[in-house]
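Trainee: kindly return the folded structure for what I paste below:
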Amino acid sequence: MLIKNMLIGVAASIVTVFLLLVSGLLGNMEAKVTIPKSSVMAFNQETCPEGWSDFTPAYGRFVRGIDRNKAPLDPEGERVLASLQLDSLGKHKHTTTGLKQYPSWNSQETVGDATDFASAIHPSVGGYAEISSTGDKETRPVNVALLYCVKS
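Mentor: Coordinates of the predicted model:
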């Protein structure tokens, strides 16, 4: 059995070398690959190749695979193909810079820190919490811009 497997391996190697030599002699012919109609691919070029057109639903958007997991990663589960999912920001909390209290209209003092805005507001105290603002125009991961095209 071992000798038979070795002979098959040697024969496969000889065929591979022969095919590589023939393709070299024929000018490194490109392999012909059939890509099914409606396939979507990302290209690192300014325009879609011949036989392809811009896949406009991907303009400026992140592409997310259909989620067919038994325990979905996408909170909306398996969605309709090519459907648009609006942006969202996950639940989170902010730390305040402190509760400001107004003992009189002429002064204010910091009473202390609060980690939850709701707990910082006490109607009996008559104060408010300051929360610092930070961030950019959108929430996004590090990304690269590519042109998505659909096969005609």
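
Trainee: and Phe62, how many neighbours?
Mentor: 10 (other CB atoms under 10 Å). Heads up, the C-betas are built off the backbone N, CA and C, glycines and all.

Trainee: mind checking how far the closest residue to it other than its chain neighbours is from Asp87?
Mentor: Closest residue in space to Phe62, ignoring its immediate chain neighbours: Asn143 at 7.0 Å, by CB to CB, 6 or more residues apart in numbering. Distance, Asn143 to Asp87, using CB to CB, to the nearest Å: 14 Å.

Trainee: try Pro72
Mentor: 19 Å.

Trainee: which of the two has more residues huddled nearby?
Mentor: Pro72 (12 against 9).

Trainee: I figured the more buried one hits Gly65, correct?
Mentor: No - contact criterion CB atoms under 8 Å: Pro72 and Gly65 do not qualify, at 11.6 Å.

Trainee: one step back: in three-state terms, label the residue nearest to Phe62 for me.
Mentor: Judged by DSSP: H, G, I helix; E, B strand; the rest coil, the three-state class of Asn143 is coil.

Trainee: okay, now it: neighbour count?
Mentor: If you count neighbours by other CB under 10 Å, Asn143 ends up with 7.

Trainee: before we move on, what about Asp74?
Mentor: As a burial measure, Asp74 scores 14 neighbours (other CB under 10 Å).

Trainee: for it, give me the pLDDT.
Mentor: According to the predicted model, the pLDDT of Asp74 comes to 86.

Trainee: endpoints of stretch 137-149, how far apart?
Mentor: 27 Å (CA to CA, to the nearest Å).

Trainee: I misspoke; the intended subject was stretch 63-83.
Mentor: Across its full length, stretch 63-83 reaches 11 Å between end residues, using CA to CA.

Trainee: ranges for the strands of this structure?
Mentor: 40-43, 52-54, 99-101, 109-112, 127-129, 147-151 (DSSP state E).

Trainee: and those, which one averages the lowest pLDDT?
Mentor: For those, the weakest mean pLDDT is recorded on strand 109-112, namely a mean of 48.

Trainee: and the contacts of stretch 48-63?
Mentor: The contact list for stretch 48-63, computed with CB atoms under 8 Å, 6 or more residues apart in numbering, reads 40-41, 43, 82, 84, 140-141, 143, 147-152.

Trainee: before I go, just wanted to say thanks for your time.
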